[in-house]
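S.K.: build me a structure from this.
(one chain, ligands or ions: 1)
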Amino acid sequence: MTAKLIDGKAIGKRIREDELKPKVEALAKHGVVPGLAVIVVGDNPASKVYVGQKTRACEEVGVHSETHKFPEDVPQAAVLKRIAELNVNNKIHGIIVQLPLPAQFDMRLILESILPAKDVDGFHMYNVGGLVLQTGDDGAENIFPPCTPYGVQRLLEYSDIPIEGQNVVIVGSSNIVGKPMALILLRKNATVSICHIKTRDLAQFTILADILVVAAGVPNLILPQMVKTGAVVIDVGINRLDNGKLVGDVDFDGVVKKASYITPVPGGVGPMTVTMLIANTVNAAERQSAQQRVANQGQAGSPAL
Ligand code: NAP
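M.R.: Numbering: from 1, shown residues only. Predicted coordinates:
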């Protein structure tokens, strides 16, 4: 068996063209341009690359984006003040803070200061709580799911891979990938197991997976003998080897011969993360402009005092 490649680059482009651009055009009829503010503290080279990708994807779809840069030693209060200003700026519908932040920052305090309705990275407790409590099957009706796991959901759906009733094993339990991934697929009625660094005998779990999602940040963690024949393998990991090569967490050359579907690295999950950020931003603009129209109608219809 040779697995089919799930081409995240192509699927992301299709979603931007077929789904997001028409939504942006519809918003333009109401005079609304979706706006994303990206807060960057310090000079992390990897952050620069990611911010560049986000800016280009925004331009392609017609979303306004602006980067708010601060020096590494900026006081936390200055960043909080800027977020407070962006929270009430009608032209900005989504706000993200590029992570990691320098050590002197209280990351949770910064993330919780973003208005949940503008938290398009889905890291605010309100949005995380919504993933736990809401029962809708879309996963994105009132909240913002974190972009990477949301992108994995869309990759599976786009590839017509059934989720309901499947045994899903997730390797990695971080707040931004592993845990929300588990919640998203649980909402889709999968049977979900989460593995992490303390899991005894990882292979004992991975071998049972119909869908295996790997997000550990460890090259070659998943070998062919750990994968069930015909499994769907989603490799979220991004690791730069000493020779400069970018690889995932899965031994791609071995596992591709055993799986039914597999995502490559690069070109699998990565491009979907950026696309889902734009999707959340467009969604935020739709919700905020609908609320604004209702508020305007209410004002127009209220009796003169
Ligand atoms: P993270 O915060 O470091 O979390 C890694 C998780 O993997 C932790 O739960 C850790 O367990 C677990 N883990 C580490 N080594 C393990 C092992 N040997 N066996 C089992 N579990 C192990 O990383 P992250 O932010 O979730 O990112 C994970 C990977 O995905 C990284 O390579 C990152 O670059 C990549 N990533 C890609 C995208 C994308 O768009 N494609 C987006 C985000 C992240 P403990 O917590 O118990 O230590």
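S.K.: now S174. Its backbone dihedrals?
M.R.: phi -70, psi 160 (degrees, to the nearest 10).
S.K.: I'd say it and A215 touch.
M.R.: Yes: with contacts counted by Cβ atoms under 8 Å, S174 reaches A215, the gap being 6.8 Å. Any C-beta I mention is one placed from the backbone N, CA and C, and that applies to glycine too.
S.K.: between the two, which is the more surrounded one?
M.R.: A215 (25 against 15; other Cβ atoms under 10 Å).
S.K.: need the pLDDT of that one.
M.R.: A215 carries a pLDDT value of 98.
S.K.: do I have it right that it meets K179?
M.R.: No: distance between A215 and K179: 10.1 Å, which falls outside the contact criterion (Cβ under 8 Å).
S.K.: who are the neighbours in contact with M181?
M.R.: T148, P149, V152, I170, V213, A215 (Cβ atoms under 8 Å, 6 or more residues apart in numbering).
S.K.: farthest pair in the residues you listed?
M.R.: T148 and I170 (12.0 Å; Cβ to Cβ).
S.K.: what does stretch 27-39 contact?
M.R.: 24, 51, 54-55, 58, 62-68, 70, 79, 82-83, 86, 89, 91-98, 120, 277-278, 281-282, 284-286, 289, 293.
S.K.: for burial, what's the neighbour tally of S289?
M.R.: 18.
S.K.: can you tell me the closest non-neighbouring residue to the spatially most central residue of the chain?
M.R.: Taking Cα atoms, centre = their mean, the centroid of the chain lies closest to C147, which sits 0.9 Å from it. Nearest residue to C147 in three dimensions, chain neighbours excluded: M276, at 4.0 Å (Cβ to Cβ, 6 or more residues apart in numbering).
S.K.: how about the one you found, what does it touch?
M.R.: Contacts of M276 by Cβ under 8 Å, 6+ apart are P145, C147, T148, Y150, G151, R154.
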